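Chemist: predicted model, plus sequence, below.
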Amino acid sequence: MLLESAEDTALDILDASNELAFFLARAVIDDVLAPLNLDEIASMLPPKNSGSETVCMARTLTAARHAGERILRCWGGGTGWAVEDAKDKIQKLLEEYESGGVVSEACQCIRDLAMPFFNHEVVKKALVMAMEKKNDRMLELLQECFSEGLITINQMTKGFNRIKDGLDDLALDIPNAKDKFKFYVEHAREQGWLLPSFA
C-alpha cells in the first residue's frame, strides 16, 4: 500500500522514495524479506511509477558491495562494530568453541555480536577452520545456529558462496580443500541449509 501511494507520499515528504527504498533494503538485510519478495512486490505495481522505481532502488542498495554494513546504519542503530573488529570477534569465538567450548556459549556470542547481516562471515570462517583443523565439529555449531534460526538460509548460502568463490586460493594452503568443501556442501544440502539457487 505504501508503494502504491508512493507518488502521493512524495508530495508531502520529498525524500519518501529514498527512505522507503532503505526501509525495504533493511528488511532484506535483516532477513525479514527475501530478495525474491522484492520481485513479487514489483510485479504487483504498475510499471514506471514511483513505487516500482523505489523497489528497483531497494534492489540496487541490497546488491551493492558491503550493503549490510551501510544499510544497517541508514538511520543509526546497530552495534557500530567496525567490520575488522567483528571479524576478529568471530575468529576468537570460533577458536574458543573449537578448543572445547560449548555450543550454547558460541551461539550466545554470535547473538551478542548483534550483526545478523554478517553471519555469512561466521559460516565462512567456521568452514575454513574445519578444513584447516581437519575437524568437522564446526558443522555441529552451524547446525545449532541454523536450528535456532540464528543463521538464516540466506546467510548460510552466502557463506558457502564466499567459500566457493575463494576455493582456488584456499586450496593453495589446504590441499584437500575442494574435497572437504564438496563434503560440506552435500551435508548442507541434506540439512536444508542452502537455497535451491546454490550451484
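Modeler: Alright, I've got the coordinates. Numbers count the residues shown, from 1 in each chain.

Chemist: tell me which helix or strand in the protein has the weakest average pLDDT.
Modeler: Lowest mean confidence among the helices and strands of the chain (mean pLDDT, DSSP states H and E): helix 67-72, at a mean of 71.

Chemist: list the contacts for the residue sitting nearest the centre point of the chain?
Modeler: Centrality entry for the chain: nearest residue to the mean C-alpha point is Gln155, 3.5 Å, by C-alpha atoms, centre = their mean. Contact partners of Gln155, counting by C-beta atoms under 8 Å, 6 or more residues apart in numbering, are 31, 116-117, 119-120, 122-123. (Each C-beta comes from the backbone N, C-alpha and C, glycine too.)

Chemist: so which of those comes closest to Glu144?
Modeler: Checking these against Glu144 by C-beta to C-beta gives Val122 as the nearest, at 11.7 Å.

Chemist: what strand or helix carries that closest one?
Modeler: Element membership of Val122, judged by DSSP states H and E, is helix 119-133.

Chemist: what residues sit buried inside that helix?
Modeler: For helix 119-133, burial by neighbour count (16 or more other C-beta atoms under 10 Å) applies to 119-131.

Chemist: okay, the residues you listed in a markdown table with distance to Ser50 and pLDDT next?
Modeler: Putting the buried residues of helix 119-133 into a markdown table (distance: C-beta to C-beta, whole Å; pLDDT from 0 to 100) gives the following:
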| residue | distance to Ser50 | pLDDT |
| --- | --- | --- |
| Asn119 | 34 | 91 |
| His120 | 32 | 92 |
| Glu121 | 36 | 93 |
| Val122 | 38 | 95 |
| Val123 | 37 | 96 |
| Lys124 | 38 | 95 |
| Lys125 | 42 | 95 |
| Ala126 | 43 | 96 |
| Leu127 | 43 | 96 |
| Val128 | 44 | 95 |
| Met129 | 47 | 94 |
| Ala130 | 48 | 93 |
| Met131 | 48 | 93 |
